[in-house]
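Engineer: heads up, no residue letters with this:
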């Protein structure tokens, strides 16, 4: 299941990612979580999927509904936030009998590369931004992602292998 986002950290090539997953043998379900979502039905839908995939954000909390031996694939936005991302979702996954895979967005996959010059500190030195309000504003609220399908294919292949081994 791919958790879709509409406002921030949007996966701009979500359709291409879904088609790639389908070519690799996945049955793809895309869903958007909203305040009007029927939680029971959504939980059942997530529980029927072996994998939950999404860009870092609250929608990934639905990993609590992933079945045992399921997989969470978190797409981590560019900007040196891997530690936060792992703390929020990677660490809890281990205690939930859910495998955790991470795909880190690089500068070329980030919409920030269209907003800032290549030598701008936001792109060149993202870890120099240490205050939470800067990190939140720049790397979480101003960024969309376009996944490099060649690189991401490896994550999907690894997930297939993990599923076969369970």
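Structural biologist: Yes, it's here. If you're wondering where the values come from, they're calculated on a predicted model, not measured in any experiment. Numbering: from 1, shown residues only.
Engineer: Name the residue most distant from the centre of this protein?
Structural biologist: residue 119 (26.4 Å; Cα atoms, centre = their mean).
Engineer: helix, strand or coil for that one?
Structural biologist: coil (DSSP: H, G, I helix; E, B strand; the rest coil).
Engineer: roughly how far apart are it and residue 125?
Structural biologist: Using Cβ to Cβ, to the nearest Å, residue 119 is found at 10 Å from residue 125. The C-beta positions use only the backbone N, C-alpha and C, and glycine is treated the same way.
Engineer: Check residue 78 and give its pLDDT.
Structural biologist: Per-residue confidence (pLDDT) for residue 78: 97.
Engineer: Next, count neighbours for it.
Structural biologist: Residue 78 has 22 neighbours, counted by other Cβ atoms under 10 Å.
Engineer: Next, the contact list for it, please.
Structural biologist: Contact analysis of residue 78 by Cβ atoms under 8 Å, 6 or more residues apart in numbering lists 104, 105, 106, 107, 109, 110, 112, 126, 139, 143, 145.
Engineer: Same check on residue 111?
Structural biologist: By Cβ under 8 Å, 6+ apart, the neighbours of residue 111 are 12, 142, 143, 144, 145, 146.
Engineer: Buried ones from those residues, can you make that a PyMOL selection?
Structural biologist: Buried subset of the contacts of residue 111, written as a PyMOL selection, criterion 16 or more other Cβ atoms under 10 Å:
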select buried, resi 142+143+144+145+146
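Engineer: For residue 39, give me its contacts.
Structural biologist: Contacts of residue 39 (Cβ under 8 Å, 6+ apart): none.
Engineer: Next one: it relative to residue 151, how far apart?
Structural biologist: Distance from residue 39 to residue 151, by Cβ to Cβ: 34 Å.
Engineer: likewise residue 93?
Structural biologist: 21 Å.
Engineer: So between the two, which is more surrounded?
Structural biologist: residue 93 (21 against 13).
Engineer: which secondary structure element contains the more buried one?
Structural biologist: Using DSSP states H and E, the element containing residue 93 is helix 91-94.
Engineer: Which residues does that helix contact?
Structural biologist: Taking Cβ under 8 Å, 6+ apart as the rule, helix 91-94 contacts 63, 72, 99, 100.
Engineer: what about 10 Å?
Structural biologist: If you take Cβ atoms under 10 Å, 6 or more residues apart in numbering as the criterion, helix 91-94 is touched by 52, 60-61, 63-64, 66, 70-72, 74, 86, 98-101.
Engineer: Run through the residues that contact residue 56.
Structural biologist: 5, 9, 74-77, 81-82, 84-86, 88-89, 102, 105, 139-140, 145.
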